[in-house]
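In: Generate coordinates for the sequence data below:
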Amino acid sequence: MKYGPSLNEFENINDINDGFNLTIRDIFRPLNDGISIYLHKDFFDHNFLQVSTKSNQDLKIDFDINFNKEDYVIHEDYGLGIYQGLEVVETNKKKNEYLKITYAKNEHLYVPLSKTFLLSRYHKSSDNIGLVLDSLSSNKWDQRKQKAKKRAYDHAAEILDVESRRLTSHSPSLRPNSKDYEDFNKEFPYKETDDQIKVIKDIEKDLSLIKPMNRLLCGDVGFGKTEIAMRAAFISVSSGKQVVILAPSTVLVAQHYQSFLSRYKEFGVNIHFINRHTKGLDRTKIIDDFNNQKIDILIGTHTLFNQSISYKNTGLFIIDEEHRFGTKQKDVIKSKKPDVHVLYLSATPIPRTMNFIFAGLKDFSFLHTPPTNRLSIKSFLRVENDNLISEAINREISRDGQCFVIQNDIHKLDSLREHLLRLMPKIKIEIAHGQLKKKDITNRMDLFKLGKIDVLLCTTIVEMGLDIPNANTMIILDSYNFGLAQLHQLRGRVGRSSKQGYCYFLIPTNDIPKKSRNRLDSIIRLSELGSGYFIAQEDLELRGGGEILGEKQSGHVDYVGISLYLSMLKESIETVKNPHLEIKKINTEINFFDEAFIPDQYLPSPTERLKIYRRINDINNKDNLDKLKIELIDRCGKHINEVDALFSNAELILLSKELSIDKISSHKDDTRIYFNKKIGDQIFNKVLELIKTDPKIYKMSPSGNLKIEIENSKNSNQRRKIVRNLLHEII
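Out: Numbering: from 1, shown residues only. As a prediction, the model looks like this:
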């Protein structure tokens, strides 16, 4: 029986979404409902991979990552194997569902769904060529893991050294004049969203401290990042400090300059910009004025790295589109002014930045509320053909709209223009790319903005800073050659009004590299408003994390996969920070030696079953568990026995975590509760009182587990009920 298609089984690349969706970042909390053929040791806690912030934001972020048959996966205890799908296995006349992993020498590991948190996808930049599977009968995996763990510990010490040097700097405490700041905020023509308000409060607090701010603000285009940056800049200026804003393109610099001028026009703030087109004398005057503190806010491109610019009085450094800058570029100004407050803005943060967030070295804010009346862009993945292109363009023009056609090979643009004109002789097409004269680019862009051009045939020159509400169809040719974040940025050029936007990702043939398929699958699946952060998450998985400290080779990451390495790193950071602090981790096992899973006759789709398992594992309170029960009844009907047992185990998991219980094991002859050795005194005393109350039923073994004598105990549901009542009594 097949439980999920492999990529090469799809006849059409657009069907890739029908494969398994299994997160590796939204890591499962343990739910132990079955019997593992191999023992699993719960060494590392992956929960840090869930996004958290030091702000008041209560973000629930849900990630779906394709986890397809034949994918390489890392099991924390057994190493590199190949995922073979879901399989129902019968042991001792009881059935349960497992994830099947194949290792070297055709060895198989059956991982219970309760232990899925020990699995992660394996990503490596070399397309996984030449990978050698681990063996269940070898200790080579343990040796590699120990090397990676040691490197993670060393790495943690280096990271904390970098962090401590920055934290020893004392930043100026920036506090605005209350009335001026209030007046500035009132000038904002829109109503702030709830998450905007939360982020603004977080940044106000950051700027008021003497610890340098180091915060990433993530949100899609139009979600309000610029307004938040403007308020942060106002706080700095009104505190007597200058502001530097770094943007990756002259187009974006010009857009920011106009936006800041308009927003600040009533407040007497001197704003200027500088870029590669700024003439020599003008450039010298701007730099002199900034150095003499005559300019309050300076907006620029890479020109800001000019050695003659003094950042002595700079209070705030804002980096827009941070993913477009390299590590060294972003560190130039910070090295000149280590105590400067830094605010990063991005719709799709780079993997290295995501690493900093996961490691807890950078504060994180997320704008997830879309602008009013904005619609998600309808995205399509298709094989290129003339009929499709003509239909898409003509449909947009018929509703008085305009189109982008992206072809990043400049040498193909002229012939492509001629080809499109042969297909549609009446449309007006112009070409735009970075090698044209500045005057020609400006003229053509202006004509496009005015609606005088139907189709702008261009390179990725339009990727950033372009806001044309009437252009709502984009066609990206050879889309498999683009990066994930780049595809998302391009798509963001359309759908910027209340009109429905359309984006077509075209490929020459279905036969494209697997990594390209994965990227395109991701961009199609993540097409909802506010998906930029999830795109960045996907990019982290597809590309690997990059070296946190800079441009080092990450062989130790290749040893164990990025997910496990990040887990090791997080634990090492906590250990280095608090060498005497023991981190308490409880991954409770529940086993009543019966069938506790979702049979395929109750919910046929393996993908949907995995989603439900994941949600059960992720639930941390009884109310949410009850809601999921009701939801599943609405979808699939009354729970059958196996599903009831699954949810009962989940409830016991929640209770066990409160009571420091490592394991509950119950079969017809024996029911035992194994408490963690770090059990609190209050709980331990309650257990002792319970034993004193009825020593015939409750007995404590020398090893510290509680044995319960249950009469007529052949029925596992009855035993569950007795154990559940007992735990409630102890609590």
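
In: Would you report the backbone torsion angles of the nearest residue to Leu246 once chain neighbours are set aside?
Out: Distance criterion Cβ to Cβ, 6 or more residues apart in numbering; nearest residue to Leu246, sequence neighbours excluded, is Ile319 at 4.9 Å. C-beta here means a position set from N, CA and C on the backbone, and glycine is covered the same way. The phi/psi pair for Ile319 (degrees, to the nearest 10) reads phi -110, psi 110.

In: what's across from Ile319 in the sheet?
Out: Beta-bridge pairing of Ile319 under DSSP bridges involves Leu246, Tyr344.

In: Pull the contacting residues for it.
Out: Applying Cβ atoms under 8 Å, 6 or more residues apart in numbering, we find Ile319 in contact with 246, 325, 330, 342-345.

In: per-residue confidence for it?
Out: Listed pLDDT for Ile319 reads 91.

In: got it, and Glu87?
Out: 87.

In: Alpha carbons of the one helix or strand it maps to, as CSV, please.
Out: Element membership for Glu87, per DSSP states H and E: strand 79-91. Output in CSV follows, covering the C-alpha atoms of strand 79-91 (Å, rounded to 0.1, in the frame of the first residue of the first chain):
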residue,chain,number,x,y,z
GLY,A,79,21.4,9.3,12.0
LEU,A,80,20.8,9.6,8.2
GLY,A,81,18.1,7.5,6.6
ILE,A,82,15.4,7.6,3.9
TYR,A,83,11.8,8.3,4.8
GLN,A,84,9.5,5.6,3.3
GLY,A,85,6.1,6.9,4.4
LEU,A,86,3.5,5.8,7.0
GLU,A,87,3.0,2.1,7.8
VAL,A,88,0.7,0.3,10.1
VAL,A,89,2.6,-2.4,12.1
GLU,A,90,1.1,-5.1,14.3
THR,A,91,2.9,-6.2,17.5
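
In: Given that strand, what are its sheet partners and their directions?
Out: Sheet pairing for strand 79-91, using DSSP bridges, gives strand 72-75 (antiparallel), strand 94-102 (antiparallel).

In: Dump those into a markdown table; add mean neighbour count, mean pLDDT and distance to Gly280 as well.
Out: Putting the strands paired with strand 79-91 into a markdown table (neighbours: other Cβ atoms under 10 Å; pLDDT from 0 to 100; distance: least, Cβ to Cβ, whole Å) gives the following:
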| stretch | mean neighbour count | mean pLDDT | distance to Gly280 |
| --- | --- | --- | --- |
| strand 72-75 | 23 | 88 | 55 |
| strand 94-102 | 21 | 89 | 64 |
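
In: Out of those, which gets nearest to Ile431?
Out: Of all those, it is strand 72-75 that lies closest to Ile431, at 42.8 Å by Cβ to Cβ.

In: And Tyr122, how far from Ser716?
Out: Taking Cβ to Cβ, to the nearest Å as the measure, Tyr122 falls 37 Å from Ser716.

In: Distance check, Asn518 against Asp71.
Out: To Asp71, Asn518 is 10 Å away according to Cβ to Cβ.

In: just Leu487 next, same as before
Out: According to Cβ to Cβ, Leu487 and Asp71 sit 22 Å apart.

In: Check Ile406 too.
Out: Ile406 is 30 Å from Asp71, by Cβ to Cβ.

In: more neighbours, these two?
Out: Comparing Ile406 with Asp71 by other Cβ atoms under 10 Å, the one with more neighbours is Ile406, at 26 against 23.

In: Contact partners for the residue lying closest to Asp409 once chain neighbours are set aside?
Out: Spatial nearest neighbour of Asp409, chain neighbours left out: Asp478 (7.5 Å); criterion: Cβ to Cβ, 6+ apart. Asp478 is in contact with 407-409, 506-508, counting by Cβ under 8 Å, 6+ apart.

In: ok, of those residues, which come out buried?
Out: Among the contacts of Asp478, those classed as buried by 16 or more other Cβ atoms under 10 Å are 407-408, 506-507.

In: before we move on, the earlier item: select only the buried ones of the contacts of Ile319 in ChimeraX?
Out: Of the contacts of Ile319, the buried ones can be selected in ChimeraX as follows, counting by 16+ other Cβ under 10 Å:
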select :246,325,330,342,343,344,345
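
In: For Phe188, give me its contacts.
Out: Counted by Cβ under 8 Å, 6+ apart, Phe188 has contacts Glu227.

In: Recalculate using a threshold of 10 Å.
Out: 196, 224, 227, 230-231, 263 (Cβ atoms under 10 Å, 6 or more residues apart in numbering).

In: any idea whether it is helix, strand or coil?
Out: coil (DSSP: H, G, I helix; E, B strand; the rest coil).

In: which SS state does the closest residue to Pro469 other than its chain neighbours fall under?
Out: Spatially, and ignoring its direct neighbours in sequence, Pro469 is nearest to Ser497 (3.7 Å; Cβ to Cβ, 6+ apart). For Ser497, the secondary-structure state derived from three-state DSSP is coil.

In: residue contacts, Ser497?
Out: Taking Cβ under 10 Å, 6+ apart, we find Ser497 in contact with 371, 373-375, 401, 467-472.

In: gap between the two ends of stretch 390-410?
Out: 21 Å (Cα to Cα, to the nearest Å).

In: State the separation between the helix or strand hosting Asp521 and the centre of the chain it belongs to.
Out: Element membership of Asp521, judged by DSSP H and E, is helix 514-525. Taking Cα atoms, centre = their mean, to the nearest Å, one finds helix 514-525 lying 16 Å from the centre of the chain it belongs to.

In: Show me what that helix is packed against.
Out: When contacts are defined as 3 or more Cβ pairs under 10 Å, 6 or more residues apart in numbering; DSSP states H and E, helix 514-525 sits against strand 378-383, helix 484-491, strand 502-507, helix 532-543.

In: Helices along the stretch 201-350 of the chain, start to end?
Out: With helices called from DSSP state H, counting those that start in this stretch, the stretch 201-350 of the chain shows them at 225-238, 250-264, 280-291, 327-336.

In: for these, which one sits closest to Asp644?
Out: Across the helices of the stretch 201-350 of the chain, Asp644 has its closest neighbour in helix 225-238 (47.1 Å, Cβ to Cβ).

In: Looks like Ser716 contacts Ser665 (just checking).
Out: No - the criterion here is Cβ atoms under 10 Å, and Ser716 misses it with Ser665 at 11.8 Å.

In: who has more neighbours, these two?
Out: Neighbour comparison, Ser716 and Ser665: the larger count goes to Ser716, with 21 against 16 (by other Cβ under 10 Å).

In: how much space is there between the more buried one and Thr671?
Out: Where Thr671 is concerned, Ser716 sits at a distance of 10 Å (Cβ to Cβ).

In: overlap in contacts of the two?
Out: Phe592.

In: Low-confidence stretches in the stretch 301-450 of the chain?
Out: 323, 326-331, 333-334, 350-356, 358-361, 371-373 (pLDDT under 70).

In: Identify the residues contacting Leu413.
Out: 405, 407, 431-433, 457-459 are the contacts of Leu413 under Cβ under 10 Å, 6+ apart.

In: Mark which of those residues are part of helices, please.
Out: Counting by DSSP state H, no part of the contacts of Leu413 is found in helices.

In: quick one: which of the residues you listed sit in strands?
Out: The strands, defined by DSSP state E, take in 405, 431-432, 457-458 from the contacts of Leu413.
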